[in-house]
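A.B. asks: My questions concern the predicted model and sequence given below.
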Amino acid sequence: MSEYIIAIDQGTTSSRAIIFDRSGSIISVGQKEHEQIMPQAGWVEHDALEIWRNVQEVIGIALGRADLTRHDISAIGITNQRETAVVWNRKTGKPVYNAIVWQDTRTQDIVDRLAADGGTDRFKDIVGLPLATYFSGTKVAWILENVEGAREAADAGDLLFGTTDSWVIWNLTGGSEHGVHVTDVTNASRTLFMDLQTLEWRDDILEAFGVPRSMLPEIKSSSEVYGTAEDSSLLRETPIAGILGDQQAATFGQAAFTAGESKNTYGTGCFLIFNTGEEIIHSKNGLLTTVGYKLGDGPTHYALEGSIAVTGSLIQWLRDQLGIISDAPEVEQLADSVPDNGGVYIVPAFSGLYAPYWRPDARGAIVGLTRYANKGHLSRAALEAVAYQTRDVLDAVNADAGVDLTELKVDGGMVANDMLMQFQADILGVPVVRPVVAETTALGAAYAAGLAVGFWSGLDDLSANWQEDRRWEPELDSAEQERLLRQWRKAVTKSMDWVDEDVR
């Protein structure tokens with residue numbers, strides 16, 4: 001009997017394949033970064049063909065490192081960067097344009113045009129989302145309006161659209177010959193096109209965006225068999241049985257299955273999800289309403305989400321654009337070289353401000369600089385910015401939910417940073433808890449796939465796998481906490497009202 005599940009985690013900066021055993025422990029990992037293409041300010045793209053090549057390679061790396069073959073794998077789970085849009089020709093299998101990444105802001109004009117009739121909340125009661133450049137709907141509209149020949153090919157039924165889960169699965173199941181074109185409810189809920197109640201595409205919204213329905217994937221649950229890997233794959237004949245957008249996958253991997261449970265993932269961006277159970281709650285405080293998960297024919301579980309665009313990518317910016325650090329771990333060493341932030345605050349509004357502000361006119365700001373400030377203070381301010389943004393989101397969650405969270409489960413690459421985790425607990429005023437398996441995004445996708453094929457018998461099995469690794473208790477006195485928050489919120493206001501008609 002096959003004893004393992006493989007999860008493909010197609011993320012913003014890299015693609016990974018991770019093999020898990022029945023206890024949810026990691027057996028092996030294959031990982032490869034892909035290029036971040038930035039043609040001009042505000043534009044962020046990926047080469048979808050490079051992503052597909054990397055996915056194939058990391059599958060081989062993970063299998064090789066574990067000395068396993070396809071016969072040892074029970075199922076494949078997929079998780080992905082959710083709002084990144086790929087448009088490709090169904091006959092040739094070639095993208096008509098680079099994938100437009102969720103951080104990209106080029107579609108603001110499309111947002112403004114759609115918002116002219118009803119404001120940015122025009123479709124929010126239906127889809128749970130405001131009109132914003134963040135979501136994939138405006139990105140596919142931009143491709144159809146700006147790429148030569150795309151509109152005609154779409155109208156002829158030759159083009160397909162999907163987030164990167166759809167792109168990977170279509171290729172993995174045979175591509176232009178017999179590829180399966182699907183997505184799951186969590187990814188579909190991030191397009192601006194899906195009705196949260198019916199879990200179906202809305203023709204009236206598609207018409208408003210000018211997107212033919214023929215381009216869209218079939219919406220499936222998060223846990224069922226969608227197809228099998230094609231013969232040329234190292235995983236040939238292995239069922240693909242789970243799909244979850246990355247943040248929903250991390251929530252599932254944290255075993256936050258019931259209403260009132262939550263998690264915060266520290267990756268390229270930062271995403272706090274609060275499970276609202278089978279109830280759709282529309283936020284009054286700048287949060288998104290989204291699908292949490294749906295297992296086969298079971299009920300749909302919903303969530304509130306606070307989305308922060310720039311956290312881990314801020315550290316990447318210090319490394320790649322400024323050259324302050326040579327690798328990510330160095331930021332903690334530099335931050336630890338100073339006793340405090342020296343009065344420096346970084347507001348990383350590189351793609352505008354997301355939750356809870358939703359200010360596309362904002363841009364990044366470094367404030368409080370004096371001659372005293374050095375790269376240690378900048379490093380510390382960068383880490384602290386992650387924690388401050390999470391506090392802003394948590395305040396919104398508490399206001400919407402009506403009940404304050406008593407602790408925060410955390411995961412993602414940045415939770416290895418002890419200084420950040422301690423400051424996060426300090427600025428939230430609640431304990432921060434890290435699980436033994438911090439790679440909860442891939443684990444959640446593995447869980448969804450394993451449930452579909454009977455590898456795990458139910459949610460109780462998964463809950464039993466969760467184990468606490470470390471807990472950080474708040475140590476900061478309330479007066480200092482309030483002073484720091486007051487300064488942070490003042491800094492946030494300095495980033496606003498930057499973009500106008502002749503500034504992008």
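C.D. replies: Thanks, I have the structure now. Just so we're clear, the structure is a prediction, and the values are computed from it rather than from any experiment.

A.B. asks: phi, psi of residue 8?
C.D. replies: phi -100, psi 120 (degrees, to the nearest 10).

A.B. asks: Please verify my assumption that it contacts residue 14.
C.D. replies: No. Between residue 8 and residue 14 there is no contact under Cβ atoms under 8 Å: 11.6 Å. Backbone N, C-alpha and C define where each C-beta goes, glycine included.

A.B. asks: For residue 284, which residues are in contact?
C.D. replies: For residue 284, the contact set (Cβ atoms under 8 Å, 6 or more residues apart in numbering) comprises 399, 400.

A.B. asks: sorry, that was for residue 54
C.D. replies: Contact analysis of residue 54 by Cβ under 8 Å, 6+ apart lists 14, 15, 32, 34.

A.B. asks: switch the cut-off to 10 Å
C.D. replies: Residues near residue 54 by Cβ atoms under 10 Å, 6 or more residues apart in numbering: 10, 14, 15, 16, 17, 30, 31, 32, 33, 34, 47.

A.B. asks: Closest to residue 151 out of these?
C.D. replies: Distance to residue 151, by Cβ to Cβ, is smallest for residue 47 among these, at 22.6 Å.

A.B. asks: quick one: the closest one from residue 36, how far?
C.D. replies: Separation of residue 47 from residue 36 (Cβ to Cβ, to the nearest Å) stands at 10 Å.

A.B. asks: so what's residue 502 scoring on pLDDT?
C.D. replies: Residue 502 is assigned 64 on the pLDDT scale.

A.B. asks: same deal with residue 1?
C.D. replies: 59.

A.B. asks: From residue 213, how far off is the spatially most distant residue from the centre of the chain?
C.D. replies: When each C-alpha in the chain is compared with the mean C-alpha position (Cα atoms, centre = their mean), residue 371 comes out farthest, at 37.5 Å. According to Cβ to Cβ, residue 371 stands 60 Å off from residue 213.

A.B. asks: for the host helix or strand of residue 443, what is the average pLDDT?
C.D. replies: Assigned by DSSP states H and E, residue 443 belongs to helix 440-452. Taken as a whole, helix 440-452 has a mean pLDDT of 97.

A.B. asks: Helices along the stretch 151-300 of the chain, start to end?
C.D. replies: With helices called from DSSP state H, counting those that start in this stretch, the stretch 151-300 of the chain shows them at 164-172, 175-178, 185-188, 203-209, 246-253.

A.B. asks: Any buried residues in the fourth one, and which?
C.D. replies: Residues of helix 203-209 classed as buried under the neighbour-count rule (16 or more other Cβ atoms under 10 Å) are 205, 206, 208, 209.

A.B. asks: And it, how far out from the chain middle?
C.D. replies: Taking Cα atoms, centre = their mean, to the nearest Å, one finds the center of helix 203-209 at 25 Å from the center of the full chain.

A.B. asks: Which other helices and strands does that helix contact?
C.D. replies: In terms of contacts (3 or more Cβ pairs under 10 Å, 6 or more residues apart in numbering; DSSP states H and E), helix 203-209 is packed against helix 108-115, helix 124-127, helix 136-146.

A.B. asks: Quick check: the two most widely separated of the buried residues of helix 203-209?
C.D. replies: Spatial extent of the buried residues of helix 203-209 (Cβ to Cβ) is set by the pair 206 and 208 at 7.3 Å.

A.B. asks: Mutual contacts of those two, please.
C.D. replies: With Cβ under 10 Å, 6+ apart as the test, residue 206 and residue 208 both reach 137, 141, 192, 193.

A.B. asks: Report the beta-bridge partner residues of residue 87.
C.D. replies: In this entry, residue 87 is beta-bridged to residue 161, by DSSP bridges.

A.B. asks: That one: neighbouring residues, count only.
C.D. replies: When counting by other Cβ atoms under 10 Å, one arrives at 27 neighbours for residue 87.

A.B. asks: and the gap between residue 367 and residue 344?
C.D. replies: Residue 367 is 7 Å from residue 344, by Cβ to Cβ.

A.B. asks: if you count what's nearby, which of the two comes out ahead?
C.D. replies: Between residue 367 and residue 344, counted using other Cβ under 10 Å, residue 344 has the larger neighbour count: 25 against 18.

A.B. asks: where's the more buried one relative to residue 487, distance?
C.D. replies: For residue 344, the distance to residue 487 equals 10 Å [Cβ to Cβ].

A.B. asks: ok, now residue 153?
C.D. replies: From residue 153 to residue 487 the distance is 52 Å (Cβ to Cβ).

A.B. asks: again with residue 340
C.D. replies: According to Cβ to Cβ, residue 340 stands 11 Å off from residue 487.

A.B. asks: Who has more neighbours out of these two?
C.D. replies: Each of residue 340 and residue 487 has its neighbours counted (other Cβ under 10 Å); residue 487 has more, 17 against 12.

A.B. asks: any chance you could map the helices in the stretch 301-450 of the chain?
C.D. replies: Per DSSP H, counting those that start in this stretch, the stretch 301-450 of the chain carries helices over the ranges 312-317, 330-336, 375-401, 418-428, 440-452.

A.B. asks: Please compute how far stretch 22-32 lies from its chain's middle.
C.D. replies: 20 Å.

A.B. asks: now could you export just the CA positions of stretch 229-245 as CSV?
C.D. replies: In CSV, the C-alpha atoms belonging to stretch 229-245 read as follows (Å, rounded to 0.1, in the frame of the first residue of the first chain):
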residue,chain,number,x,y,z
ALA,A,229,-1.1,12.5,-13.9
GLU,A,230,-0.3,11.8,-17.5
ASP,A,231,2.0,9.0,-18.7
SER,A,232,5.0,11.2,-19.3
SER,A,233,5.1,12.3,-15.6
LEU,A,234,7.2,10.8,-12.9
LEU,A,235,3.8,10.5,-11.0
ARG,A,236,1.9,8.9,-13.9
GLU,A,237,-1.5,7.4,-13.0
THR,A,238,-1.3,9.0,-9.5
PRO,A,239,-4.6,10.7,-8.7
ILE,A,240,-4.7,14.5,-8.3
ALA,A,241,-7.2,14.7,-5.4
GLY,A,242,-6.8,18.0,-3.5
ILE,A,243,-6.7,21.7,-4.4
LEU,A,244,-6.6,24.6,-1.9
GLY,A,245,-5.4,28.2,-2.4
